[in-house]
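*Asks:* Mind folding the following:
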Amino acid sequence: MKIVTGIIIVVITVGVLYYTSNEKVTVKEQTVYIKNLPSSFEDYTILQITDLHEKRFGREQKRLINTVDELTYDAAAFTGDLLDHKTSTNFGPAYELIDGMRLPEHAWFVDGNTDPNAYQPPEERTKERPEFIRGLEDRGVKPLDSLEVVERDGEEIVFADFDMIIRHFTKHKPAAQTEYAAQLDKDMIKLNSLNDTIPLISLYHYPLADVRLDIYEEDNNIQLPPIDLHIAGHYHGGQIRIPFWGAILVPEAYSDNYGLFPDQDRVRGLWEHRGIKQYVSTGLGASNTLRVFNFRLFNPPEVNLITLKRKDN
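*Replies:* You can find the predicted model right below:
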């Protein structure tokens, strides 16, 4: 009888742990202070959704949609890895979520390493989009290939794709090979005229590791504009976390040990380096990079609500 009771307790414990680590969506809220934020954008809110990896939360994403519908937000940023691999045709989980959401006027998508446009050099891009991204656009989510200016009461903030920022501000960049890529370059010229009153928010799938920003700082051929906030995903918060310790591994090519035993202050949430604030979500799904460990542990799925506030000094 004791053995049976023990087995039941273990099964229940494992079930609860799996559910809270993989099925119960949490909402993480973060206030970000920006010194040059125009007054009309005080309390401007950005919903971030990232790293879905084709996961469903209830039938037709009902539980996830209910969680999102309880929130109020001015813009939505989908920061990549909505699919599980870049040749996948399982578009349903992403489309069901977007179809069920109340999308704001401004909703953007930047691709991750498991999405169709992964690693496509900007100079090779054309107006012809993969089927999945066309479906996102048809549903009101715009691929953010260059930048978008959001205006309120005559004041502006700018959202830009970091892939194009780094290209635009690199002196020896590849020449644009397509008409579309050349047009994207022209679109980015707006960044050259930004002044201290116009914040720049960068959207990207990848966090900017400290060593990566250090490399940019030391490279005379790269002169990044002042980025007020960088929003990213990709790390999954480490996906598998150890209680009272944190992430064991994050996928970071710029790290000497490829992200093994990372600095826990650089895994999730808000941090700052080289004057760039960045906010990194742990996301919703699980990556299959480690094969048999295609699940989350001690790491609940999350959507993120970022609120912008003005910092006066």
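*Asks:* residue contacts, residue 44?
*Replies:* 37, 74-75, 157, 307-308 (Cβ atoms under 8 Å, 6 or more residues apart in numbering). C-beta coordinates here come from the backbone N, C-alpha and C atoms, glycine included.
*Asks:* what does residue 301 give?
*Replies:* Counting by Cβ under 8 Å, 6+ apart, residue 301 has contacts 22-26, 55, 57, 282-285.
*Asks:* Likewise for residue 108?
*Replies:* By Cβ under 8 Å, 6+ apart, the residues touching residue 108 are 75-78, 141-144, 148, 159, 203.
*Asks:* ok, now with 7 Å
*Replies:* By Cβ atoms under 7 Å, 6 or more residues apart in numbering, the residues touching residue 108 are 77-78, 141-142, 144, 148, 159, 203.
*Asks:* Just the buried residues out of those, in ChimeraX syntax.
*Replies:* Here is the ChimeraX selection string for the buried members of the contacts of residue 108, based on 16 or more other Cβ atoms under 10 Å:
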select :77,78,141,144,148,159,203
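*Asks:* Show me which of the contacts of residue 108 is closest to residue 124.
*Replies:* The nearest member of these to residue 124, counting by Cβ to Cβ, is residue 144 at 17.6 Å.
*Asks:* Look up how far residue 235 lies from the closest one.
*Replies:* 20 Å (Cβ to Cβ, to the nearest Å).
*Asks:* got it, and residue 283?
*Replies:* 8 Å.
*Asks:* So these two - more neighbours on which side?
*Replies:* Set residue 283 next to residue 235 and count neighbours by other Cβ atoms under 10 Å: residue 283 wins out with 31 against 27.
*Asks:* thinking again about what came up before, can you flag the buried ones in the contacts of residue 301?
*Replies:* Using 16+ other Cβ under 10 Å as the burial test, the contacts of residue 301 include 22, 25, 55, 57, 282-285 as buried.
*Asks:* ok, which pair from those is furthest apart?
*Replies:* Among these, 57 and 282 lie farthest apart (Cβ to Cβ), at 14.9 Å.
*Asks:* Strands of the chain, start to end?
*Replies:* 26-34, 44-49, 75-78, 106-109, 142-143, 147-152, 155-161, 200-203, 229-232, 241-242, 246-247, 269-273, 276-280, 302-310 (DSSP state E).
*Asks:* which residues sit against the third one?
*Replies:* Applying Cβ under 7 Å, 6+ apart, the contact partners of strand 75-78 are 46-50, 103-104, 106-109, 141, 203, 231.
*Asks:* For these, which single residue is the most surrounded?
*Replies:* residue 50 (29 neighbours).
*Asks:* my guess is that residue meets residue 236, correct?
*Replies:* No: assessed by Cβ atoms under 7 Å, residue 50 is found out of contact with residue 236, at 9.2 Å.
*Asks:* shared neighbours, those two?
*Replies:* Common neighbours of residue 50 and residue 236 (Cβ under 7 Å, 6+ apart) are residue 283.
*Asks:* In space, what's closest to residue 246 - neighbours in sequence excluded?
*Replies:* In this structure, residue 246 finds its nearest non-sequential neighbour in residue 264, 4.2 Å apart by Cβ to Cβ, 6 or more residues apart in numbering.
*Asks:* ugh, wrong one, residue 29
*Replies:* Residue 29 sits nearest to residue 305 (Cβ to Cβ, 6+ apart), 4.8 Å away.
*Asks:* burial measure for that neighbour, as a count.
*Replies:* Residue 305 has 18 neighbouring residues, counting by other Cβ under 10 Å.
*Asks:* now the one 5 residues further on
*Replies:* A count of nearby residues for residue 310, using other Cβ under 10 Å, gives 15.
*Asks:* What are the neighbouring residues in contact with it?
*Replies:* By Cβ under 7 Å, 6+ apart, the residues touching residue 310 are 34, 37, 39, 42.
*Asks:* switch to 6 Å and redo it
*Replies:* Taking Cβ atoms under 6 Å, 6 or more residues apart in numbering as the criterion, residue 310 is in contact with 37, 42.
*Asks:* how much space between it and residue 277?
*Replies:* Applying Cβ to Cβ to residue 310 and residue 277 gives a distance of 14 Å.
*Asks:* list residues touching both of the two?
*Replies:* Common neighbours of residue 310 and residue 277 are not found (criterion: Cβ under 6 Å, 6+ apart).
*Asks:* in terms of contact, does residue 200 touch residue 158 like I think?
*Replies:* Yes: using Cβ atoms under 6 Å, residue 200 makes contact with residue 158 at a distance of 5.1 Å.
*Asks:* so where's the stretch 151-300 of the chain uncertain?
*Replies:* Across the stretch 151-300 of the chain, the ranges flagged by pLDDT under 70 are 289-292.
*Asks:* neighbours around the closest residue to residue 274 other than its chain neighbours, how many?
*Replies:* Ranked by Cβ to Cβ, 6+ apart and with sequence neighbours excluded, the top spatial neighbour of residue 274 is residue 213, at 4.4 Å. Counted by other Cβ under 10 Å, the residues lying close to residue 213 total 19.
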